[in-house]
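Asks: generate a structure from the sequence data that follows.
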Amino acid sequence: MIRACRNRGDAEIILPGEPPQSLDPDILWLDLVNPDREEELLVEGLLGIPLPTRDELKDIEPSSRLYVEEGGVYMTASLVWKVETGLPELTDVAFILTGNRLVTIRYAEPKSFALFTAALHRAGVNYRTGAELMARLLETVADRTAEILEVTVARIDALAADVFVDQKTAKRRPPRYLEDKLIDIAGHQRLVSKTRDSLVSLSRLVSFFRALPLIRHDQEAGELLRIVSRDVQSLSEHAAFVSGNITFMLDASLGLINVEQNAIIKIFSIASVVFLPPTLVASVYGMNFQFMPELNWNYGYALALLLMLLSAVIPFLFFRWKGWL
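Replies: I've put the predicted structure just below:
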C-alpha cells in the first residue's frame, strides 16, 4: 500500500487503485507499507530514484543505512513494535529525502506512525518541506519511545512490589512464585534491550540528518532535530538506568530463590540432626545380642523411650537457643 500525505496533513491512498502518472506538488510524504515490486517500480518511476529492497534495509553497515545517492538521502532506523504483545521486535524503516519529499518504506506497523498520521489530521499543520515533516515524525518516534520506557518502569515498580514483600506475605505465596516472576523480568529486559538498540539507531540517523547541507538552510527543521537529538540522548541514558534496575531485580530474585532453597535445606538438616540420636538409641537396643542387661529391666522399655525423647528434645532446644530455627 502507498499512502500519500499532502503538506496540509490530509492523506490519500495511491495503491491499491488507479496509479497516477505524476505526483501533485503539494504531496510531501509517500508512505510505503509492505510494498510489492509493482508499487516499488511505480514510486521509482514517479520520483526517478531507486528504492532499497527489504534485504538492503537489514544491512547493519553504516554505509548501507546512511548515505546520499543519485539525488536522494537514504536513512534507515530500527524501530520497536509489537510492544503490547509481550514479544517486542525491531523493524527497519527507510527514510528517503528526494527533492522536497519524504519517502518511508516499512514492513511493519510501529505505533509511532499511526500516532503521527492521526496528529496530522487533527492539527492540520501546513508543512513546508519533507525535511521538516521527517523531523516531526522523528519527534513522534522519540515520544513513543519515551512512553514505552515509562510504561516499562511502572511495570517494573509493580513487579518489585510483588517480589520484595514482607515475610508474612511471602509465606502465603504459591509454590514457584519467584520462578514465575523471572519470566516477567526477562520480558522487561527484552523490551528495554530492543528499545536501547532502537535508540542507538535513531541517534546515528539524527546525527547524520543534522549534518546534511539541506538542514543547515532549514532553521525550523534544524531546531526540531536538535531537540530530537537531545531527547534521544536522554532516553538512552534513562534506558541504561532502567536496564540496571532490571539487572538488580534479576539478581535479587535469584538471591531470594536461593534463600528459600537454603531454608528448606536447613529444615532437612536440622530434622536429620534431631532424629539422629533417637535413631542411635533405637539401633543400640535393636541389636540381637544374647546378653543385654537392659532387656531384663522392668522399666527398660520406658527408659529407652525416655532416652530417645530426651536425645531429640535436647538438640532441638539447643538449636532454638542458638537462633538457628
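Asks: C-alpha only now, for contacts and for neighbours.
Replies: OK.
Asks: how's the protein carved up into domains?
Replies: What automatic domain parsing lists as the domains of the chain is 2-260, 264-322.
Asks: centre of the chain to the helix or strand Ile183 falls within, how far?
Replies: Using DSSP states H and E, Ile183 maps to helix 177-210. When distances are taken as Cα atoms, centre = their mean, to the nearest Å, helix 177-210 is centred 5 Å away from the chain's centroid.
Asks: and the next helix or strand past that helix?
Replies: Scanning onward from helix 177-210 (DSSP H and E), the first element met is helix 213-216.
Asks: ok, longest helix in the protein?
Replies: Of all the elements of type helix in the chain, the one with the most residues (DSSP state H) is helix 219-284.
Asks: could you list every helix and strand in contact with it?
Replies: Contacts defined by 3 or more Cα pairs under 8 Å, 6 or more residues apart in numbering; DSSP states H and E place helix 219-284 against helix 130-163, helix 177-210, helix 213-216, helix 300-322.
Asks: that one to helix 130-163, inter-axis angle?
Replies: Relative orientation of helix 219-284 and helix 130-163, computed by axes from the mean of the first three to the mean of the last three Cα atoms, to 10 degrees: 20 degrees.
Asks: contacting residues around the residue lying closest to Leu138 once chain neighbours are set aside?
Replies: In this structure, Leu138 finds its nearest non-sequential neighbour in Val228, 7.0 Å apart by Cα to Cα, 6 or more residues apart in numbering. Residues in contact with Val228 (Cα atoms under 8 Å, 6 or more residues apart in numbering) are 135, 138-139, 142, 206.
Asks: if we can go back for a sec, mean pLDDT added to the domains of the chain, as a markdown table?
Replies: Output for the domains of the chain, formatted as a markdown table (pLDDT from 0 to 100):
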| stretch | mean pLDDT |
| --- | --- |
| domain 2-260 | 83 |
| domain 264-322 | 78 |
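Asks: what's the most buried one of those domains?
Replies: Highest mean neighbour count of the domains of the chain: domain 2-260, a mean of 17 (counted as mean count of other Cα atoms under 10 Å).
Asks: chain center to it, what's the gap?
Replies: With Cα atoms, centre = their mean as the basis, domain 2-260 stands 14 Å off its chain's centre.
Asks: ends of that domain, what's the gap?
Replies: Separation of the first and last residues of domain 2-260 by Cα to Cα, to the nearest Å is 58 Å.
Asks: report the central residue of the chain.
Replies: Ranked by distance to the mean C-alpha position of the chain (Cα atoms, centre = their mean), the top residue is Leu191 at 1.0 Å.
Asks: in space, what's closest to it - neighbours in sequence excluded?
Replies: Using Cα to Cα, 6+ apart and skipping residues adjacent in sequence, the residue nearest Leu191 is Pro88, 6.0 Å away.
Asks: give me the angle between the longest helix of the chain and helix 177-210.
Replies: Per the same axes, to 10 degrees, the angle that helix 219-284 makes with helix 177-210 is 160 degrees.
Asks: angle of helix 219-284 against helix 300-322?
Replies: Here the directions of helix 219-284 and helix 300-322 differ by 150 degrees (the same axes, to 10 degrees).
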